[in-house]
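Student: structure for this input, please:
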Amino acid sequence: MSRIAAGMAPAIALVTLLLGWGIRIDRVLRQAPDLPVMVPSTAGAVVLLALSLVLPADHPRAGLVRRLCAAAVLAICGWAVASGAVTAAGDRMSPATALLLTLAALVSLMPPGRPGWVGLSTAGPVLALFALESWLLDLTATQSVGVLTGLSLPTAISLALIFAATLLRAPDRGWVALATAEGTGSRTARTVLPLAILLPVLGAWLTIMATRQGLFPTTLGLTAGAALLGLVSAALVLRLARAQNREERAALEQGRRVAQLLDAIPMAVVVFDAKAEITASNRAACDLAGAERSVAAWLREARFLDPETRKPLAAAQRPVEALVVARRETGRLVGLFDDTARMRVLRFHCETLRPAGPDAGSLVLTVTDQTDSVTLQDRLSGVQRREALGQLAGGVAHELSNVLGVVRLATDTGLMQTEAAPMRQALETARDACARGSDLTRRMMAFGSDPSHEAPPDDALALIGGALRLIRPSLPAEYRLDASLPEESIGAIRRGIDLQTALLNLVLNARSALSQAARAEGRIAVLVRREGDTLVLTVRDDGPGMSAEALEQAQDPVFGSRQMQDGSGLGLSLTAAFAREMGGSLRLSSRLGHGTEAVLRLPMGPAAPTPEDCDTTPAPADGLSDRRALVVEDDPQFRAMLVEALRLMGLEVTPVGQPDAALDALDRGPRFDLLITDIRLGGPVDGHRLAALALDRQPGLPVLYLSGYAETQVPPERIVPGVMLRKPSSIDALRRAVSVTLRA
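Tutor: Residues are numbered from 1 along each chain as shown. Next up is the predicted model:
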């Protein structure tokens, strides 16, 4: 627009020079008799001013050209004043023309950002427009006004275009920026401004014409003109009001739609202005704050915690202060206890709106409840840790079983070969310690075993007592564990390790409940009884209890009323699943402020015989004499003691350490009466596979399996049947197992 206006002004000046002064067309020069004309010096100055505006602002020589043209215009005006060519009479440069040209040159020399630039740039077009309106309304009166005398119509139009081009050259300055902006008021101004300029002029012209035609006296004409101007002003005001109302309705409708969109978002959304004051929030944010306080009060007063340490956040670490005010980070996890004493994990995230428009600098804070995802992630990590620990425990138990097996066979052999009382007492002490170690390795193997492999039933009271002995050291000193157990055995139960795990989970769950209570002491009670064929195990605590909602969902693996630091959070759900698999049940009852009670009911059954129970009478040694046994064991120490024990029984033993050596011995002959092999042989061929290969070479060969690993729980996919003996074992158990295998 600036270049268009700047191009029209020299066009008028050149037409005046060529057609008016060059060819002497009087109508082009004067437009009417006795009217002033645009003199050549004025036309040349207009062309120079237009030239300074035509070049783009980023042109490398635009500044130089603008300064040279402005200097030339000032020189022309100075020469005209000095030579007396500036006068209102005759065809000379008028004072108004010299003033407007000087003003335009000065504005051209000033940078747009300099103070006073907008005012000087506006004064020129106002004076030019005043002259044009005066020409339109009363030409004779215009020439009688001193400041306008001698100002020609082409000069007034050209200079008005020059000043318009100057203002449009910097549209981001002053009132031009306001008129060209994208806001509501600017759009209204662009609509009303032309009418505000033209309608009063039109009204004045109509009044003057009516007065000249004698339609009414001059006084009445002035009154009519004033009334017309009043009507025009009123119409403009009403139009402005209507436009403003329309914009306000649109803004309200847009705000309503935005509010609906925010309410449809499932996460809490809070909008802050640049001063950290809340300007909007959605329904989810209000629900999070609760009905009794506002979102602002909730953000200001809620006891936010560190989700890992559960310690209250410092003032500078609270969500609004850290994310909205200080803007040190964009997001963080925050803990918060709800009304049911359950800690929720909330993620606060803050984003700044794009720096444009009326909302520039506003911030959007979103809050999402990530309790379930964080809990599930921690539970998964806990399960993975438990699986890895189970594998590690099984491996350690296997190695420890070999060590204890060496010790047990060595002590039993020593007891068979000595009658000295001090030596026998020492060996019996070592044997008892080995038995305790054997029980420990059995528990470790069960911890790392596949629960689908069914183990023989164990004594229920022994299992529960052993679990309680392991649990007591893990409880804080201020928590008392009271156990009420029957004095006599109440029978055996299957899946004893799962029973111990269930008891462990129930006691740890009670411990977690006590840790949430604001008391220095706590009590956990364990009660055991038998009802018919059912074991009833009760675990009770005097903690804070659970709400009805929490109690209803406590066995849901996704819910978990316990907090993440206390384990995987799957204890109750796993215990309930174990009870269902056993044909039993888990029942929970609780009241807020009165603690929680868990009752586990499991079916009981008879105990299964073990290799040690097959025959309590030692087998006669002569029944094993002259029998040939092939022993395959990769542990050299255990292999040596096993061979020694078997030879004491009268067997002829061929010991090997690897499956290949065992197959070579079978191929070479002579025929063996018994294959004794470890399950884990440290290679691709295990004991089961070796037994199958041995039977291919020597059909009907009896097999005795040894293992310190979880294979004591006999897998159903075993290829070759045989007796299983768990390491470490006594020499009597070994003798009975060999006898049973040979008789089979």
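
Student: give me the average confidence score over the host helix or strand of Pro422.
Tutor: Secondary structure from DSSP states H and E places Pro422 in helix 421-447. Helix 421-447 carries an average pLDDT of 73.

Student: contacting residues around the residue most central in space within the chain?
Tutor: The centroid of the chain falls nearest to Arg347 when counting by Cα atoms, centre = their mean (6.4 Å). Contact partners of Arg347, counting by Cβ atoms under 8 Å, 6 or more residues apart in numbering, are Gly331, Arg332, Leu333, Val334, Val367, Thr368, Gln370. Any C-beta I mention is one placed from the backbone N, CA and C, and that applies to glycine too.

Student: and the last one, its phi and psi?
Tutor: For Gln370, the backbone dihedrals (degrees, to the nearest 10) come out as phi -110, psi 20.

Student: swap in the second one?
Tutor: Geometry field for Arg332 lists phi and psi as phi -170, psi 160, criterion degrees, to the nearest 10.

Student: what's the distance between the closest residue to it other than its chain neighbours and Val324?
Tutor: Residue nearest to Arg332 in three dimensions, not counting chain neighbours: Phe348, with 5.9 Å by Cβ to Cβ, 6 or more residues apart in numbering. In this view, Phe348 and Val324 are 9 Å apart by Cβ to Cβ, to the nearest Å.

Student: higher neighbour count, those two?
Tutor: Phe348 (24 against 21; other Cβ atoms under 10 Å).

Student: tell me which element Pro111 falls in.
Tutor: Here Pro111 is assigned to no helix or strand, by DSSP H and E.

Student: local confidence estimate at it?
Tutor: At Pro111, the model reports a pLDDT of 77.

Student: ok, the nearest residue to it once chain neighbours are set aside - how many residues close by?
Tutor: Here the nearest residue to Pro111 in space, its sequence neighbours aside, is Trp117; by Cβ to Cβ, 6+ apart that works out to 7.1 Å. By other Cβ under 10 Å, 19 other residues sit near Trp117.

Student: and Trp117, what's its pLDDT?
Tutor: 76.

Student: on that earlier part again, the residue nearest to Arg332 contacts Val364, correct?
Tutor: No: using Cβ atoms under 8 Å, Phe348 makes no contact with Val364, being 11.3 Å away.

Student: please enumerate the helices of the stretch 151-300 of the chain.
Tutor: Taking DSSP state H, counting those that start in this stretch as the criterion, the stretch 151-300 of the chain carries its helices at 153-168, 174-180, 184-212, 218-264, 283-289, 295-301.

Student: and these as CSV, adding mean neighbour count and mean pLDDT?
Tutor: Compiled in CSV, the helices of the stretch 151-300 of the chain are given as follows (neighbours: other Cβ atoms under 10 Å; pLDDT from 0 to 100):
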stretch, mean neighbour count, mean pLDDT
helix 153-168, 25, 83
helix 174-180, 14, 71
helix 184-212, 15, 71
helix 218-264, 13, 72
helix 283-289, 19, 88
helix 295-301, 16, 89
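
Student: can you list those in TSV and add distance to Asp686?
Tutor: Putting these into TSV (distance: least, Cβ to Cβ, whole Å) gives the following:
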stretch	distance to Asp686
helix 153-168	92
helix 174-180	87
helix 184-212	83
helix 218-264	61
helix 283-289	58
helix 295-301	63
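
Student: so Cys69 sits in a helix?
Tutor: Yes: under DSSP: H, G, I helix; E, B strand; the rest coil, Cys69 falls within a helix.

Student: dump the strand or helix carrying the residue nearest to Arg332 to PDB, keeping only the CA atoms.
Tutor: Using DSSP H and E, Phe348 sits within strand 343-352. Only the C-alpha atoms of strand 343-352 are listed here, as PDB (Å, rounded to 0.1, in the frame of the first residue of the first chain):
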ATOM      1  CA  MET A 343      -1.100 -42.400  48.500                       C
ATOM      2  CA  ARG A 344      -1.800 -41.300  44.900                       C
ATOM      3  CA  VAL A 345       1.000 -40.500  42.500                       C
ATOM      4  CA  LEU A 346       0.200 -37.400  40.400                       C
ATOM      5  CA  ARG A 347       2.200 -36.100  37.400                       C
ATOM      6  CA  PHE A 348       2.200 -32.300  37.100                       C
ATOM      7  CA  HIS A 349       3.200 -30.900  33.700                       C
ATOM      8  CA  CYS A 350       3.400 -27.300  32.700                       C
ATOM      9  CA  GLU A 351       3.600 -25.800  29.200                       C
ATOM     10  CA  THR A 352       3.700 -22.100  28.100                       C
END
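
Student: adjacent strands (with direction) for it?
Tutor: strand 331-337 (antiparallel), strand 363-369 (antiparallel) (DSSP bridges).

Student: and it, what's its mean pLDDT?
Tutor: Rounded mean pLDDT across strand 343-352 is 88.

Student: if I look at the nearest residue to Met8 once chain neighbours are set aside, how far off is Val15?
Tutor: Leaving aside its chain neighbours, Met8 sits nearest to Leu161 (5.2 Å; criterion: Cβ to Cβ, 6+ apart). Distance, Leu161 to Val15, using Cβ to Cβ: 13 Å.

Student: mind checking the SS state of Phe672?
Tutor: Applying three-state DSSP: Phe672 is coil.

Student: can you list the domains in this structure?
Tutor: Here the domain parsing of the chain from automatic domain parsing is 2-180, 268-369, 457-608, 611-743.

Student: what pLDDT does Ala393 get?
Tutor: The model's pLDDT for Ala393 equals 67.

Student: contacts only, for His349.
Tutor: His349 touches Leu323, Thr330, Gly331, Leu365, Thr366, Val367, Thr368, counting by Cβ under 8 Å, 6+ apart.

Student: let's see it at 6 Å
Tutor: Gly331, Thr366 (Cβ atoms under 6 Å, 6 or more residues apart in numbering).

Student: repeat for Ile464
Tutor: With Cβ under 6 Å, 6+ apart, Ile464 has these contacts: Val528.

Student: now whichever strand or helix holds Ser573: buried residues?
Tutor: Element membership of Ser573 [criterion: DSSP H and E] is helix 571-581. Under the neighbour-count criterion of 16 or more other Cβ atoms under 10 Å, helix 571-581 has Gly571, Leu572, Ser573, Leu574, Thr575, Ala576, Ala577, Phe578, Ala579 buried.

Student: contacting residues around the last one?
Tutor: This points to Ala579. Ser585, Leu586.

Student: helices and strands of this protein: which one bottoms out on pLDDT?
Tutor: In the chain, the helix or strand scored least confidently by mean pLDDT, DSSP states H and E is helix 139-144, which has a mean of 59.

Student: now the nearest residue to Ile265 once chain neighbours are set aside: how far from Leu363?
Tutor: Once flanking residues are discounted, Ile265 sits nearest to Asn282: 6.0 Å by Cβ to Cβ, 6+ apart. Using Cβ to Cβ, we find Asn282 at a distance of 15 Å from Leu363.

Student: right, I'll leave it there.
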